[in-house]
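*Asks:* here is my input, please return the structure:
(chains A and B)
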Number of protein chains: 2
Amino acid sequence: IGTAKYVGISLKKLIKDCGGLIKGGKHLELYGAETYFKNDEVMNYLVSVPWSKVKANEVILAWEMNGEPLPKIHGYPLRVVVLGYIGARSVKWLYRVKAIEDPSLAPVQSKEYLYFNQQVGKHNQRPTDGIQIQEMPVSSAIMSPWTKQVVIHNGKIRCKGWAYSGGGRWPERVELSADGGFSWYAVPNKNLSEKHKWTWRTWEFDLPCDVEGWIEIVCRCWDNSLNTQPLNIRAAWNWGLHVTSSAHRISVYSINKTRALTNQRLAKFEHTGAPLAPLTWPEEFQTQSWEEYKTYWKENDPRDVDD
Amino acid sequence: IGTAKYVGISLKKLIKDCGGLIKGGKHLELYGAETYFKNDEVMNYLVSVPWSKVKANEVILAWEMNGEPLPKIHGYPLRVVVLGYIGARSVKWLYRVKAIEDPSLAPVQSKEYLYFNQQVGKHNQRPTDGIQIQEMPVSSAIMSPWTKQVVIHNGKIRCKGWAYSGGGRWPERVELSADGGFSWYAVPNKNLSEKHKWTWRTWEFDLPCDVEGWIEIVCRCWDNSLNTQPLNIRAAWNWGLHVTSSAHRISVYSINKTRALTNQRLAKFEHTGAPLAPLTWPEEFQTQSWEEYKTYWKENDPRDVDD
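*Replies:* Next up, the predicted model:
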């Protein structure tokens, strides 16, 4: 995911200039010069968008990206940009636009980018069982820390990430959990990048975490329609793997410097130059001397009970 | 929730006829003749909608509902209908429209209908901590059976309900689970009412259920942006209780007639005229005779082991 600034012309205006749609045109088929193979056939990259989307001035033909002529890789000389839809509709190297009555039967439109129900498997998927993906649901991800990372912190783990919602909606709130999704902290507004239609927001946050050991950090987003993400992948998994927008979960190993013992221990690791990671590395020094061990049991209840 | 057909005029056209917005107007404040008390003050019902919503022709002033003059209770002679927004913005008994620079400070707009984060409680809620609710997230509910109902069925439980999504989005798929949300069945398209923008869809479905006893039926919806609902209320609960759109869960007591013993037993209940419900009712006849009991243990392993 990224966000670019395009310059171009609204496809609606172009069509109006050409005299408008005739003969029951309700969808615009967009042809890219790119070719690809499918079922032993060579064909052009081809999809369609509904006229209602074009009519809303949300489909543009662009020749400039981020203040410069469109790079070749982004579709020079002319590409489509369909605001708020999946990228598959934003055809590059555009060479033809055709008005048709029904959504395109081209495979990218009719047989790929489908959202199936959980019980539709590889063995029985029919294209009509899937929803044709256009707008994306609300989604988000943690970019830092990485999963399996050992994180040394002062009771708060610095997290960074992004959040997005399709169809011109935008993230209104991002929440993080350090306990697998039981309690949630809202990222303060000042820690979110500016909000706009058609674009993501990045965020950063010091997530409170008192515990040590393996923890699960989860992030989720609420958009301006108050939609949010499924919390578990199983609740959203579907054949084809498209749009599995469930909350991003990462496992990190928390080492909390606000704990005196942890701090002492870290100092010792540093002093001796011993590596802390990988966690499976055998340690060069013990956590307790035999003296400390014996003193403890002298001052505390013995392990066994006499009578 | 309901769906009506309104006749009226687009507020956009009216404003254009009056010369358009001047002096930096960006929100339209809508005054209803209705009055109410708040903090020892009497005031009119008052909210605002952004100009962008008006500009999209999605705010109308209506005088007719379902082919008849607006009923008094629905705002006669003139009400606002804001398509795809919460009902609180569709002001009844409209008597004034005012262009303002920022969203209205009237309490309904600024201090009520807010969506708080889970950790914002009664003791510390500040209006700016909440998202002003406009479009609703995707939601759904089971209308039949009712929670706590005893359901006698043939391996499939007939369920009925509705599904909705705000902002002009619509339900694309409704799913039901008879095992608390582990496995999901999609309602076939023919069992959903027709789809339109700005309105709900009703559905019915024979939900497969083999087991007997207390089960949890869950329903959830995916809208055309592929957004879905939080599965548990705890994941969505917030102070103010607005928009807790988590999946609807009901507990029903399943009695499965495809089981031979269940069928025999039901016949006996019917034969003796004994009531089946309430389930706590003492039964008038035993499930096994002493003879059946003894025969069983003669033919099967004894309860105790000799050596």
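
*Asks:* any low-confidence regions in the stretch 1-150 of chain A?
*Replies:* The stretch 1-150 of chain A contains residues with pLDDT under 70 at A:1.

*Asks:* so where do the helices sit in it?
*Replies:* Using DSSP state H, counting those that start in this stretch, the helices of the stretch 1-150 of chain A run over A:11-17, A:51-55, A:107-110.

*Asks:* ok, which of those helices comes nearest chain B?
*Replies:* Closest to chain B of those is helix A:51-55 (C-beta to the nearest C-beta; 9.2 Å). (C-beta placed from N, C-alpha, C; glycine too.)

*Asks:* does that closest one come close to chain B?
*Replies:* No. Residues of helix A:51-55 contacting chain B under C-beta under 8 Å from any C-beta of the partner chain: none, with a closest distance of 9.2 Å.

*Asks:* so what touches that helix?
*Replies:* Helix A:51-55 is contacted by residues A:11-12, A:15, A:21, A:25-28, A:59, A:82, A:85, A:99, A:134 when judged by C-beta atoms under 8 Å, 6 or more residues apart in numbering or on different chains.

*Asks:* hang on, the earlier thing: the helices of the stretch 1-150 of chain A into JSON lines, with extra columns for mean neighbour count?
*Replies:* What follows is the helices of the stretch 1-150 of chain A, written out as JSON lines (neighbours: other C-beta atoms under 10 Å in any protein chain shown):
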{"stretch": "helix A:11-17", "mean neighbour count": "16"}
{"stretch": "helix A:51-55", "mean neighbour count": "18"}
{"stretch": "helix A:107-110", "mean neighbour count": "19"}
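
*Asks:* coming back round to it: which one (most neighbours) among the contacts of helix A:51-55?
*Replies:* When neighbours are counted by other C-beta atoms under 10 Å in any protein chain shown, residue A:59 leads these with 27 neighbours.

*Asks:* and that residue, how close does it get to residue A:83?
*Replies:* Distance of residue A:59 to residue A:83, given as C-beta to C-beta, to the nearest Å: 7 Å.

*Asks:* how about the residues of the stretch 201-307 of chain A by chain B?
*Replies:* Residues of the stretch 201-307 of chain A lying near chain B (C-beta under 8 Å from any C-beta): A:222, A:224-228, A:230-232, A:235-236, A:243, A:245.

*Asks:* no wait, the stretch 1-150 of chain A
*Replies:* So far as C-beta under 8 Å from any C-beta goes, the stretch 1-150 of chain A lies against chain B at A:56, A:115, A:117-120, A:129, A:131, A:133-138.

*Asks:* do that again at 7 Å, thanks
*Replies:* A:115, A:117-119, A:131, A:133, A:135-138 (C-beta under 7 Å from any C-beta of the partner chain).

*Asks:* which of those residues are buried?
*Replies:* Among the residues of the stretch 1-150 of chain A next to chain B, the ones that count as buried by 16 or more other C-beta atoms under 10 Å in any protein chain shown are A:115, A:117-118, A:131, A:133, A:135-138.

*Asks:* one step back: ok, the residues of the stretch 201-307 of chain A next to chain B vs residue B:198, which is closest?
*Replies:* Closest approach between these and residue B:198, by C-beta to C-beta: residue A:225, at 13.6 Å.

*Asks:* what's the neighbour count on that closest one?
*Replies:* 28.

*Asks:* please name the nearest non-neighbouring residue to it.
*Replies:* The shortest distance from residue A:225 to any non-neighbouring residue, by C-beta to C-beta, 6 or more residues apart in numbering or on different chains, is to residue B:135 (3.9 Å).

*Asks:* in the sheet, who's paired with the one you found?
*Replies:* Judged by DSSP bridges, the bridge partners of residue B:135 are residue B:85.

*Asks:* that one contacts residue B:82, doesn't it?
*Replies:* No. Assessed by C-beta atoms under 7 Å, residue B:135 is found out of contact with residue B:82, at 10.0 Å.

*Asks:* residue A:10 against residue A:56, yeah?
*Replies:* No. With contact defined as C-beta under 7 Å, residue A:10 does not count as touching residue A:56 (9.6 Å).

*Asks:* look up how far residue A:107 lies from the closest residue to residue A:110 other than its chain neighbours.
*Replies:* Among residues not flanking residue A:110 along the chain, residue A:127 sits closest, at 5.7 Å (C-beta to C-beta, 6+ apart). Plainly put, residue A:127 is 9 Å away from residue A:107 if you go by C-beta to C-beta.

*Asks:* helices of the stretch 151-300 of chain A, start to end?
*Replies:* Along the stretch 151-300 of chain A, counting by DSSP H, counting those that start in this stretch, helices occupy A:260-272, A:290-299.

*Asks:* tell me, how many residues neighbour residue A:253?
*Replies:* Neighbour tally, residue A:253, other C-beta under 10 Å: 17.

*Asks:* I should have written residue A:250 there, sorry.
*Replies:* The number of residues packed near residue A:250 is 18, by other C-beta under 10 Å.

*Asks:* which one is it nearest to, not counting chain neighbours?
*Replies:* In space, residue A:250 is closest to residue A:147, 3.9 Å off (C-beta to C-beta, 6+ apart).

*Asks:* show me what the residue lying closest to residue A:102 once chain neighbours are set aside is bridged to.
*Replies:* Excluding the flanking residues, the one nearest residue A:102 by C-beta to C-beta, 6+ apart is residue A:27, at 6.5 Å. Beta-bridge pairing of residue A:27 under DSSP bridges involves residue A:50, residue A:100.
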